[in-house]
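**Q** When you get a sec, could you give me coordinates for this:
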Amino acid sequence: MGKLVVFVLTAAALFAAGCSLQSGNDSKLMEAWPVPIEIRINRDAYRPDTAGSLIAMEGLAGELLSAQVAVRSNGDIDSLHGTVSALLSESDTIQSAAARLRYGAFVPVVETMSWAADPLLETGFVDVEANQAQPVWLSLEIPRSAAPGVYEGQLSLECGDGPVAAFDLRVEVLPAVLPETGDWVFNLFMWQDPTPIARAHGVEVWSEEHWELLERYAANMAEHGIKSLATHIIHDPWHGVRGWPSDEMVIWNYPGEYEPGRADEFDWDFTIFDRYVGLMLKAGVDRKIDLFSLVMGPWIIPDAHIRYRDTVSGQYRTITMDVGDPRWYDCWRRFLPVLREHLIERGWYDISVLGFDEKPEKIMRIIFDLITEVAPDFKVCQAGGFAGDERNRGIDLALGFQNISQEAQWESIRPVVEQYHQDPDKFVTFYTACSPWYPNTFLFSTLRESRLMPWIAARYGFDGYARWAISLYPEDVWNNPRYGWASGDMFFTWPGPEGPLDSMRWEVLRQGIQDYETLQIAMRMAEQAGREDLLGELESAVESGGTIDNCGALPVIEDARRRVNDVIRELADG
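**A** Take a look at the predicted model:
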């Protein structure tokens, strides 16, 4: 699927009669107007006075453009639904099948004691209560073969038995083509966990029903640009901080109760691991495989327990220990070479890394010593914390937002970042998690903040953005979308009837990634043309699109993207 770039230039409100409205008011009024996708529509949203009748979008061939419309009435609306016509230019047509309409659902947000529109329901229609604004989300996938030019069509909204509103659609296809999603340079990494997917859908972990769901989730991740997959080589590598124990993908087997010094009696079953990795790679999530982990949990937690299956009794047992325990050395000295050899046999070793989460230097030095001893060429990825030493800094440096938002910390880490940039096989990313409160991608965050993340990466010259969760669903996610952390912190998709439902945050983040990719195209075009003036214009656009000023204001990112588009137009015309 293509990428997401959209600019809603004007607002529109049209009034229509003829729908099945249930209201005690004789004056039954309906109104509908476009809203920029960087803005989250509230239930009590009002129509601005600047309303017009045009939805305008612009982007590259191959992009996924999005727009949203708010609909409201003083009476109940029965079966609100819409259609999009074919879009015609002077020489080409974008068929109506390229368009997709979804309807925003509202979920409770504890922090604001209010409701936020976020899940995008894949349904043919939606009923709307009186005096409640309803988001309608339009996605338009521009064919890669679409000729440059302006295409025009119409979005029509109807209800039970009559029209609601009609909007003119104007889509400009720019003279450049976005790469296929698998060829995007942006490095998006969201740690995955199959366990909560099974829980949320009410199926048994690793059942065939679960595997079918995982295929749909993997396709969704690949469509949105996720490049790295997370695997669990021990039971519950996150040590329950997510609210449940995450199931292992490698089964550790041992005959009876483990005895120190006898780790050579372990054997390992990679069946689940191999199927999961194969599934993700086939979907296109194939840039990096993270293996979690020689130590449990994030932060300073030293626990490194290993659960294993007692092949004599058939029961599971746990070796309770910390990093550096003699039993820890015993187990991992035996397993790391086996893991390495298995990955080599499968052809996956070159893209595999041992993953760690915000571990301090004291713990990581113990781990680096062991890796250097038994598998010195095993690559490492550490999110935050200790970045390693001269023996092994890892291939992916993932910096917490605090490392770049505070100038003193940024200056201290900049030399390491510059060193990484000299190696084309290494990545530098940044991430947000339960902090900062702003900017972030919570349910109470503005949608603009989701689009901002790739622009921050562009501003600092990073390769991408990472987050600790894509589908870590709390137990009752639809009624209480939080567990310990802020609402929405643990997921970007929602569990739907057949698989994942996109969120508005997820779609707008994809738009930001498309902006990043388009910026790379524009920079290459300007460099090839020798246009230093346009390179300066692009740098200025990145500065304005990726900077939060000292009053905390967020940039209107679509304005910055439009400046990038202007450069592409000028170079194509010249």
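**Q** alpha carbons only for contacts and neighbour counts from here, please
**A** OK.
**Q** Specify the residue ranges that define each domain of this structure.
**A** 3-177, 188-510, 527-573 (automatic domain parsing).
**Q** you'd agree Asp425 is up against Ile395?
**A** Yes: Asp425 is in contact with Ile395 according to CA atoms under 8 Å; the separation is 7.2 Å.
**Q** if you count what's nearby, which of these two comes out ahead?
**A** Ile395 (20 against 9; other CA atoms under 10 Å).
**Q** Near the residue lying closest to the more buried one once chain neighbours are set aside, how many other residues are there?
**A** Ranked by CA to CA, 6 or more residues apart in numbering and with sequence neighbours excluded, the top spatial neighbour of Ile395 is Lys426, at 4.7 Å. Residues near Lys426, counting by other CA under 10 Å, number 14.
**Q** for Gly384, same thing?
**A** 22.
**Q** Now do the contacts for it.
**A** Listed by CA atoms under 8 Å, 6 or more residues apart in numbering, the contact set of Gly384 reads 357-359, 397-400.
**Q** Neighbour-wise, give me the winner out of these.
**A** With neighbours set by other CA under 10 Å, the maximum within those is found at Ala398, which has 29 neighbours.
**Q** Next up, identify which helix or strand that residue is on.
**A** Here Ala398, judged by DSSP states H and E, is contained in strand 396-400.
**Q** Contacts made by that strand with the rest, please.
**A** 380-384, 387, 417, 420, 426-432, 466.
**Q** Then stretch 168-181?
**A** 1-3, 53-63, 87, 142, 144, 146-155, 222-225, 517-518, 565, 568-569, 572.
**Q** ok, and for it, which residues are buried?
**A** Neighbour-count burial for stretch 168-181, counted by 16 or more other CA atoms under 10 Å, picks out 168-179, 181.
**Q** all helices for the protein, in order.
**A** Using DSSP state H, the helices of the chain run over 194-201, 208-223, 271-283, 326-346, 361-374, 401-405, 407-421, 447-460, 504-529, 532-545, 557-573.
**Q** Quick one: closest of those to Glu498.
**A** Closest approach to Glu498 among these (CA to CA): helix 208-223, 7.5 Å.
**Q** Note down every partner strand of the longest strand along the chain and its orientation.
**A** Longest strand of the chain, by residue count under DSSP state E: strand 162-177. Sheet pairing of strand 162-177 (DSSP bridges) gives strand 54-61 (parallel), strand 149-159 (antiparallel).
**Q** which other residues reach the longest one?
**A** If I follow you right, that is strand 149-159. Residues contacting strand 149-159 (CA under 8 Å, 6+ apart): 19-20, 77-90, 93-94, 163-175.
**Q** circling back to that earlier point, export the domains of the chain to TSV and append columns for mean pLDDT.
**A** Below are the domains of the chain laid out as TSV (pLDDT from 0 to 100):
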stretch	mean pLDDT
domain 3-177	86
domain 188-510	92
domain 527-573	89
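**Q** centroid residue for this structure?
**A** When CA atoms, centre = their mean is applied to the chain, the residue found nearest the centroid is Trp506 (5.5 Å).
**Q** What count of nearby residues applies to the residue lying closest to Trp485 once chain neighbours are set aside?
**A** Of all residues not flanking Trp485 in the chain, Cys434 sits nearest, at 6.2 Å (CA to CA, 6+ apart). For Cys434, the count of nearby residues is 17 (other CA under 10 Å).
**Q** what's the distance between Cys434 and Met490?
**A** According to CA to CA, to the nearest Å, Cys434 stands 9 Å off from Met490.
**Q** again with Ile470
**A** From Ile470 to Met490 the distance is 7 Å (CA to CA).
**Q** which of the two has more neighbours?
**A** Met490 (26 against 22).
**Q** So the more buried one is in contact with Leu472, correct?
**A** Yes: with contact defined as CA under 8 Å, Met490 counts as touching Leu472 (5.1 Å).
**Q** if I look at the closest residue to Pro326 other than its chain neighbours, how far off is Leu339?
**A** Excluding its sequence neighbours, the residue lying closest to Pro326 (CA to CA, 6+ apart) is Pro260, at 7.9 Å. When CA to CA is applied, the distance between Pro260 and Leu339 equals 20 Å.
**Q** When the two are compared, which one has more neighbours?
**A** The neighbour comparison of Pro260 against Leu339 (other CA under 10 Å) goes to Leu339, with 19 against 12.
**Q** so who does the residue nearest to the centre of the chain touch?
**A** 224, 450, 492-493.
**Q** redo that, cut-off 6 Å
**A** Phe492 (CA atoms under 6 Å, 6 or more residues apart in numbering).
**Q** quick one: the closest residue to Arg262 other than its chain neighbours and Asp193, what's the gap?
**A** Setting aside the residues directly before and after it, Arg262 is nearest to Asp330 in space (CA to CA, 6+ apart), at 7.7 Å. When distance is defined by CA to CA, Asp330 is 28 Å away from Asp193.
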